[in-house]
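Student: Test case, fold it:
(chains A and B)
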Amino acid sequence: MSARVEEKHRAPIRWMHWINFPLLAMMMWSGLLIYWANPVYSLRLFGRELFYFFPQGFYGVLGVPYRLAEGMQLHFFFMWLFAANGVAYGAYLAVSGEFRSLLPTLGSFKRAFRVALYELHISRQKPPQGKYNDAQRIVYTLVILMGAGSIVTGIAIYKPLQASLFTSLLGGYEWARWGHFWLMILFSAFFVVHIAQVVLAGWRNFQSMITGVEIIKTEGSGE
Amino acid sequence: MSGEREEDTKWPGGRENSANLRVERRSLSEELSDAEARSVLATKSRRGFLLGGAAALVGVLGWRWMPDETKVAFLQKIFRFNENLTSAFYRPAHLAAEFPAEKITRPARVNGMLGIETDVDLAAWRLNIGGIPQRDEDLVLTMEDIHRLPKSEYITEFKCIEGWSTIVQWTGPKFSDLVAAFTPWRSPEEMPPYVSLATPDGAYFVGWDTPSIMHPQTLLVYEMNGEVLTSKHGAPLRLASPTKYGIKQLKRIGRIDFTNARPQDYWANEGYDWYSGL
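Tutor: Residues are numbered from 1 along each chain as shown, chains lettered A, B, ... in the order given. Next up is the predicted model:
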């Protein structure tokens, strides 16, 4: 029985991933303190309101009300760290070539369907799994684009006059705020699915995001 | 096990996944026994979790332990940093988009009665202006003086710091027209860096940076949406500007002071960004 220790996630990826977690959490928390002051969005289907963001009880439990000033203080500090980490991450992906294992390829959309079938236990055929499978490639790339979208919509709301180019490209101030809000909802949805997937993928996978390595059995594995 | 891994690096049809070709997974060890490999992983794992746990603990406890005053003082410094950075990008030539008349929000939204709770005595109202060079006393203007200034009109988007916005038609002289008519200054650069405005009772007061208040779309407004300004919107004269949130667009202006000292600001005292520039 022998094995090899192989690198899975390089250190910069791991650091920036884990640093992003509290930063995004602080952006969402402070964003919520701000949103409370003008909570106008709801999930609608065919003109009917399915869910209003957010019910009074939700704010009450979290202690959100009347903290707009604090929310803005926090938001306009953590935005720098969040953006810096995001830009550094994007630059690292580009320079290191790591983007090649992350960006979807031409066939990814077709194969991502197979990943979905497999994970929903409809198909028993295991789809190819590189560092990321094709569903992961698509979703993780979307999440990065969502981060970029949050920055762009954020600038459009933050400086609608001096950065009016951003605001007008997004269809105006109101639409920029709408987009900024829904990106936050998408981040929340991603977070729930991501945690569920990490739990399902098991300890070894989670551990590799901390240590960066995986043990690869090379022969006569006992497993 | 090993056979399955080999397949994993290929797409269906046997073509190599370019990702795995380009980004090779570095092997960090020679062939090890199972136990040795486990021990390498255990060491890395312990180190990683301890480091991560310690960082999380320091972050959470540090945040909790830090007194609120320290936190607020620090975040206020960040507001100042943001102000210094973004005001460097301020250009008076950046004009707010104008809207057609049918886009005007009707009825106009009313928000905030600070400093205008009492009824205004329009006949007794005067605009007192301090800080003009070579003047020992305030310059005192009446509405007739204001009406004699050139009249401007914009339909722009008004933005509240709470997050909502409305489209409003503002009519009145530019603030810069007032400066041109009643002061010796001929450009914002010659002026003191700040302007302070307050309601007649002094209950509401705001501070402005000179470049923003001299923006061509910053108006001293006496008509709103085509009608004479009503009391709850700040009669007889209010400020309106797309360069700042509504909290800075003072209603029922009683005093204006040109000053070298950064003026007090009602909402900045409550923790909001003094600059609040858009």
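
Student: any weak-confidence spans in chain A?
Tutor: Low-confidence segments of chain A (pLDDT under 70): A:219-223.

Student: what ranges do the helices span in it?
Tutor: Assigned by DSSP state H, chain A shows helices spanning A:11-35, A:56-62, A:68-96, A:99-102, A:108-119, A:134-158, A:164-169, A:173-201, A:203-211.

Student: Spatially, what comes nearest to residue B:33 if we skip its sequence neighbours?
Tutor: residue A:2 (6.0 Å; CB to CB, 6 or more residues apart in numbering or on different chains). Bear in mind the C-beta positions are built from the backbone N, C-alpha and C, glycine included.

Student: residues contacting the residue positioned nearest the centre of chain A?
Tutor: Centroid check for chain A by CA atoms, centre = their mean gives residue A:143 as the closest residue, at 4.2 Å. By CB atoms under 8 Å, 6 or more residues apart in numbering or on different chains, the contact list for residue A:143 reads A:187, A:190.

Student: and with 10 Å instead?
Tutor: A:20, A:186-187, A:190-191, A:194 (CB atoms under 10 Å, 6 or more residues apart in numbering or on different chains).

Student: same deal with residue B:212?
Tutor: Counting by CB under 10 Å, 6+ apart, residue B:212 has contacts A:161, B:87, B:90, B:92, B:175, B:188, B:195, B:218, B:241-244, B:248, B:275-278.

Student: again, 7 Å this time
Tutor: B:218, B:241, B:243-244, B:277 (CB atoms under 7 Å, 6 or more residues apart in numbering or on different chains).

Student: going on from the helix or strand where it lies, what's the next piece of helix or strand?
Tutor: Following DSSP states H and E, one finds residue B:212 within helix B:210-213. Downstream of helix B:210-213, the first helix or strand assigned by DSSP H and E is strand B:219-221.

Student: by contact count, what packs against whatever helix or strand comes next after that following strand?
Tutor: Scanning forward in sequence from strand B:219-221 by DSSP H and E, the next helix or strand is strand B:223-224. Secondary-structure packing of strand B:223-224 (3 or more CB pairs under 7 Å, 6 or more residues apart in numbering or on different chains; DSSP states H and E): strand B:165-172.

Student: What about residue B:217, how many residues nearby?
Tutor: 20 (other CB atoms under 10 Å in any protein chain shown).

Student: ok, it - contacts?
Tutor: B:95-96, B:154, B:156, B:241-242.

Student: Please repeat the previous calculation with a cut-off of 10 Å.
Tutor: Here residue B:217 is in contact with A:161, B:92, B:94-96, B:98, B:152, B:154, B:156, B:170, B:174-175, B:240-243 (CB under 10 Å, 6+ apart).

Student: For chain B, which segments count as helices?
Tutor: Using DSSP H, helices in chain B cover B:2-8, B:18-22, B:34-65, B:68-87, B:143-147, B:175-182, B:210-213.

Student: Just list what the longest one packs against, helices and strands only.
Tutor: In other words, helix B:34-65. Using 3 or more CB pairs under 10 Å, 6 or more residues apart in numbering or on different chains; DSSP states H and E, the elements in contact with helix B:34-65 are strand A:2-7, helix A:11-35, helix A:203-211, strand A:213-219, strand B:32-33.

Student: got a list of what residue 173 touches?
Tutor: Reading this off chain A. A:156-157, A:160-161, A:164, A:167, B:97, B:157, B:159, B:163, B:165, B:278.

Student: not quite, I wanted chain B
Tutor: B:146-152, B:180-181, B:219-222, B:237.

Student: try 6 Å this time
Tutor: B:149-150, B:220 (CB atoms under 6 Å, 6 or more residues apart in numbering or on different chains).

Student: Closest to residue A:76 out of those residues?
Tutor: Within the contacts of residue B:173, proximity to residue A:76 (CB to CB) peaks at residue B:220, which comes in at 29.8 Å.

Student: Show me which positions of stretch B:261-278 end up buried.
Tutor: B:263, B:265-268, B:271-278 (16 or more other CB atoms under 10 Å in any protein chain shown).

Student: how about TSV for those residues, with pLDDT and distance to chain A added?
Tutor: Shown next, in TSV, are these (pLDDT from 0 to 100; distance: CB to the nearest CB, whole Å):
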residue	pLDDT	distance to chain A
B:263	97	19
B:265	97	12
B:266	97	12
B:267	97	8
B:268	96	9
B:271	94	4
B:272	96	5
B:273	96	6
B:274	97	12
B:275	97	11
B:276	96	9
B:277	94	7
B:278	96	5
